[in-house]
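Participant: would you be able to build a 3D model of this:
(chains A and B, ligands or ions: 2)
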Amino acid sequence: MAKLPTPEELVASRPEFPAQSWFDYKPKFEAGSYCYPAQKPTMELMHMPNPHDWDPAADDWNLPENWKEILCDAFADRLAKHRSLKLFMDICVRCGACADKCHFFLGTNDPKNMPVLRVELLRSLYRRDYTLLGKILGKTIGARELDYDIVKELFFYAYQCTECRRCSLFCPYGIDTAEITAIVRELLHEVGLGIHWIMDPVKNCSLTGNHLGIKPHSYKEIVEMLADDCEDIVGIRPKTPFNERGHEILFICPSGDVFADPGIYTFMGYLILFNELDLDYTLSTYASEGGNFGSFTTFNMAKKLNAKMYAEAERLGCKWILGGECGHMWRVINQYMDTYNGPTPAHMQTPVSPITGTVFENAASTKMVHIAEFEADLIKHGKLNLDPSRNDDLVCTWHDSCNPARAMGLLDEPRYVLKHVVNKFYEMPENTIRENTFCCGAGSGLNTEEIMELRMRSGMPRGNALRYVQQKYGVNRMCCVCAIDRATLPPLANYWAPGVTVSGLTELVANALVCKGEPKRTMNLRQEDLPHLDEEEQGE
Amino acid sequence: MLKSLLVVALVAAIAWLGASAGLGSLFGVVLPYVAIAVFLGGVVWRMVYWAKSPVPFAIPTTGGQEKSLDWIKQAKWDCPDTKWGVVKRMILEVFLFRSLFRNMHAEMKPNDAVNGGPRLVYYSSKWLWVFALLFHYCFFLVFFRHFRFFMEPVPACVGFFEMLDGMFQIGAPRFYMTGGLLFCAVLFLLLRRLANPRVRYISLFQDYFPLWLIMGIAGSGICMRYFTKTDITQVKAYIMGLVQFHPISAAGIDPVFFMHVALVSVLLAYFPFSKLTHMAGVFFSPTRNLPCDTRRTRHENPWNPEKNFLTYPEYEDMYREAMADAGLPLDKPLEKKSGE
Ligand code: SF4
Ligand code: SF4
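Facilitator: Ligands and ions are numbered 1, 2, ... in the order given. This next block holds a predicted model:
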């Protein structure tokens, strides 16, 4: 990996706008500006159209001969399928309100990273083929004909958008660039263009049940290991039910939580919490992925990967599904799952918390509850014995992940939980949190190493806000409910606010959770000494 | 930018010259009739075009706290979960430009004292919101005021509003605030487009064009009222003729009037083919006009494809042996290998 510039250098190196109009300047495909392409065998295995070998830095992308026809037809098809696309092509007034709302634009100052221009790339094609004036006036009104360079340009900028929807919040007509990016990516997949970091997990997920390609036996083994760790820390070994029939609840979380630091501590948190509640639940090795990298490729792929959830709930006879901490997973669950793969299997029921009796009416159709809602309800009803002082070594802040914030509205539930499990909590500046939240800079499948500098740029707004609370309040921990965040924020924090660590919510819940009959706890889930230990020992 | 100004100037000049040369009925009769027909037909055509494509997914942008647990306060206006709530959200959006009100301006402070280095800071930035509101409302009110030309007798509310609008008596013909403000607001929007480098960079011909047009319309209107002092009784009689489909002779009417009418006609006819359709389009926006109840109510996709995924039996077939070894439950037990 190339050496990163210092934050000061990075900020200073954002270029001025080019002198040429945006029609005339083209993106440069240099190492670090693009993600590695998806491999041909992967694309073949997934039955993606026109799989081929290609190199983004090369002049020739080896597109199929009739690439133009394919793309034009696919565009027509998507226009007929999505009202949003037609509408967003027509009604933008280029007011620019969305411009400096995009973290990619703020970090790169590349005009085509302004959401409005990102969409104009496609809109200019639409103008020429679908509008009367565009047909007559052509370039005068910003219409252009599809050419090879435009395909490259579309690719370049569709993978410099994390589909965070921040722009859509500020647009007076709600124009959602994430929707356009999703559709552009879908179009590009028609001519065999995709990226490795997305397609590989997609392949894994569809063959092994999860993005990381963990096979059933290894999955079980890893979870058992984590349960052993829990035993070392809490003194009680949590249950680890796998693929068992007849439980009330199926629990599904992103596989990143099972596998990757610091997500594993969140996963241990789940195990400890469920064990303490004696929850009637099971895990599944088959539906072992809540995340959905398919949603970063095409709508149908998202549907395909998501289908396992209901299928497994049906097979195992679970009444409802409890979902772990993950951002894009919840975008899919909250806004797509029911449409894709519903209605739910007949025996499933509106979720009811077996501990508090709370009926989750808001999930009456999808029958899937977010763990933060579930935990907030438990705490509200006083069902958890919590000792927040166990987290006293932490000064926390809360990162609202894009999807739970702007595609779900999950804002206060996790805050309520967090405030009950830690004593020190500070919000980042108000224009960077809640619905205004800034992306980690690497969502939607862009969390890959080869674009690390770009990620530090796009993560600049988040990084700056984090550094602010770090310097001002001594914040040393950023919490979130997103597995991608747990992977992307540590390097980001390390770069912009070194010393801040990252964790999920449930990790902190389990730290604070005083389990029935547990021996005196001395370690947190990371096996670090609990704070106040020394003082207590001295007191004794 | 200049091209669009030129086109507007050309339209104005042709209309003025034409009317002076006695072609008043062309610019005063044919053009407005055609323009209104194109406008009405065109807007309907555009809406039908949009409506023909389905809304496959419910994708509201949640602008605040969702409705979840009873004791968590929902952001009812920005994250409504009922139809009525959506109506309220749309009212805020359409009448008060709610989303534009959120606007803020990001600025890089290279040496922030707290951060000890670079930091992006955000300032509330409401000018665009103020002038956009001013522009749209003044436009509407000026239009509304014009009903005194379209109706006989003049409805009381129009008269009343005129009185309000002209409250600040400046000069001989009462000065209408809305007209002046409309002109200022358009000027602001134009200057913003030119002065803000980002907005300037994204602006196209069709972004300047309607601004010039509207300036021309407001300008010619103001001119008729305060400078050329067009004979209002004559104009009213003429317009009533149009309204009642009995056009009367245009002879003797100020050519500026025809310029005004021509510009309005061009604006109307241009409307359905341009970004101006945002007026109708905003109602169709799926990130705003759908309730945030997507887990409570199922949204149907008319083209939802068949399910096609790796089913559990297929999965078990792939991993049966390893699963058995690991002690994972199986639906189909491992077959004893023959010969054992
Ligand atoms: S805020 Fe909306 S209307 Fe304005 S430029 Fe951006 S996308 Fe277009
Ligand atoms: S969705 Fe996010 S990343 Fe994409 S253009 Fe909008 S603000 Fe930028």
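Participant: pick out the residue of the stretch 101-250 of chain A closest to ligand 1.
Facilitator: Nearest to ligand 1, among the residues of the stretch 101-250 of chain A, is A:Cys171, at 3.2 Å (CB to the nearest ligand atom). Heads up, the C-betas are built off the backbone N, CA and C, glycines and all.
Participant: what about chain A, any weak spots by pLDDT?
Facilitator: A:1-2, A:536-540 (pLDDT under 70).
Participant: and it, which residues reach ligand 1?
Facilitator: A:92-98, A:115-116, A:171-173, A:175 (CB under 6 Å from any ligand atom).
Participant: top of the residues you listed by neighbour count?
Facilitator: A:Pro115 (30 neighbours; other CB atoms under 10 Å in any protein chain shown).
Participant: quick one: the strands in the stretch 251-400 of chain A?
Facilitator: Taking DSSP state E, counting those that start in this stretch to define them, one finds strands in the stretch 251-400 of chain A at A:281-282, A:320-323, A:368-370, A:396-398.
Participant: let me know which of these is tucked in deepest.
Facilitator: strand A:368-370 (a mean of 27; mean count of other CB atoms under 10 Å in any protein chain shown).
Participant: that strand packs against which elements?
Facilitator: The elements that strand A:368-370 packs onto, with contact taken as 3 or more CB pairs under 8 Å, 6 or more residues apart in numbering or on different chains; DSSP states H and E, are strand A:320-323.
Participant: mind redoing it with 10 Å?
Facilitator: strand A:249-252, helix A:299-316, strand A:320-323, helix A:327-332 (3 or more CB pairs under 10 Å, 6 or more residues apart in numbering or on different chains; DSSP states H and E).
Participant: does any part of the last one sit near chain B?
Facilitator: It refers to helix A:327-332. Yes - judged by CB under 10 Å from any CB of the partner chain, helix A:327-332 comes into contact with chain B through A:330-331.
Participant: that helix packs against which elements?
Facilitator: helix A:299-316, strand A:368-370, helix A:402-406, helix A:483-496.
Participant: about what we covered before: in CSV, list the strands of the stretch 251-400 of chain A along with distance to A:Tyr148.
Facilitator: Shown next, in CSV, are the strands of the stretch 251-400 of chain A (distance: least, CB to CB, whole Å):
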stretch, distance to A:Tyr148
strand A:281-282, 52
strand A:320-323, 43
strand A:368-370, 44
strand A:396-398, 45
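Participant: for chain B, what is the nearest residue in the stretch 351-500 of chain A?
Facilitator: A:Gly409 (2.9 Å; CB to the nearest CB).
Participant: could you verify my assumption that that residue touches B:Thr62?
Facilitator: Yes - contact between A:Gly409 and B:Thr62 holds when scored by CB atoms under 10 Å: they sit 3.5 Å apart.
Participant: which neighbours do those two have in common?
Facilitator: A:334, A:435, B:75, B:78-79, B:81, B:292 (CB atoms under 10 Å, 6 or more residues apart in numbering or on different chains).
Participant: among those, which one has the most neighbours?
Facilitator: Per-residue neighbour counts (other CB under 10 Å) across those peak at B:Cys292, which has 31 neighbours.
Participant: separation between that one and B:Ala195?
Facilitator: Distance, B:Cys292 to B:Ala195, by CB to CB, to the nearest Å: 38 Å.
Participant: over to A:Thr397?
Facilitator: Between A:Thr397 and B:Ala195 the distance is 37 Å, computed by CB to CB.
Participant: contacting residues for A:Leu466?
Facilitator: A:Leu466 touches A:397, A:399, A:428, A:432, A:438, A:459, A:475, A:478, A:489, A:492-493, A:496-497, A:500, A:502, B:115, counting by CB under 10 Å, 6+ apart.
Participant: rerun that using 8 Å as the cut-off
Facilitator: A:397, A:399, A:428, A:475, A:478, A:492-493, A:496-497, A:500 (CB atoms under 8 Å, 6 or more residues apart in numbering or on different chains).
Participant: then A:Ala38?
Facilitator: A:48, A:193-196, A:198-200.
Participant: any chance of the residues you listed in a markdown table, plus distance to A:Val151?
Facilitator: As requested, the contacts of A:Ala38 are exported to a markdown table (distance: CB to CB, whole Å):
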| residue | distance to A:Val151 |
| --- | --- |
| A:Met48 | 16 |
| A:Leu193 | 8 |
| A:Gly194 | 13 |
| A:Ile195 | 15 |
| A:His196 | 19 |
| A:Ile198 | 18 |
| A:Met199 | 18 |
| A:Asp200 | 23 |
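Participant: and the chain, what are its domain boundaries?
Facilitator: Reading this off chain A. Domain assignment for chain A by automatic domain parsing gives A:21-194, A:201-512.
Participant: oops, I was thinking of chain B
Facilitator: Split by automatic domain parsing, chain B gives B:2-289, B:309-334.
Participant: distance to A:Pro345 and mean pLDDT added to the ones you listed, as JSON lines?
Facilitator: Converted to JSON lines, these look like this (distance: least, CB to CB, whole Å; pLDDT from 0 to 100):
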{"stretch": "domain B:2-289", "distance to A:Pro345": "21", "mean pLDDT": "93"}
{"stretch": "domain B:309-334", "distance to A:Pro345": "13", "mean pLDDT": "94"}
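Participant: minimum distance to ligand 1: which of these has it?
Facilitator: domain B:2-289 (6.9 Å).
Participant: so that closest one, near ligand 2 or not?
Facilitator: No - against ligand 2, domain B:2-289 shows no contacts by CB under 6 Å from any ligand atom, the least distance being 10.4 Å.
Participant: how far does that domain stretch from one end to the other?
Facilitator: 38 Å (CA to CA, to the nearest Å).
Participant: hey, where'd the strands end up in the stretch 51-200 of chain B?
Facilitator: Under DSSP E, counting those that start in this stretch, the stretch 51-200 of chain B gives strands at B:104-112, B:117-124.
Participant: of those strands, which is nearest B:Val264?
Facilitator: Closest of the strands of the stretch 51-200 of chain B to B:Val264 is strand B:104-112, at 35.0 Å (criterion: CB to CB).
Participant: the closest one pairs with which strands?
Facilitator: strand B:117-124 (antiparallel) (DSSP bridges).
Participant: check the secondary structure at A:Ser503 for me.
Facilitator: Under DSSP: H, G, I helix; E, B strand; the rest coil, A:Ser503 falls in the strand class.
Participant: got the contact list for it?
Facilitator: A:Ser503 neighbours (CB under 8 Å, 6+ apart): A:262, A:265-266, A:477-480, A:486.
Participant: any idea how far stretch B:106-123 is from the chain center?
Facilitator: 34 Å (CA atoms, centre = their mean, to the nearest Å).
Participant: wait, stretch A:235-245
Facilitator: 27 Å.
Participant: these two touch, right, the residue of the stretch 101-250 of chain A closest to ligand 1 and A:Cys98?
Facilitator: Yes - A:Cys171 lies in contact with A:Cys98 (CB atoms under 8 Å); the separation is 5.2 Å.
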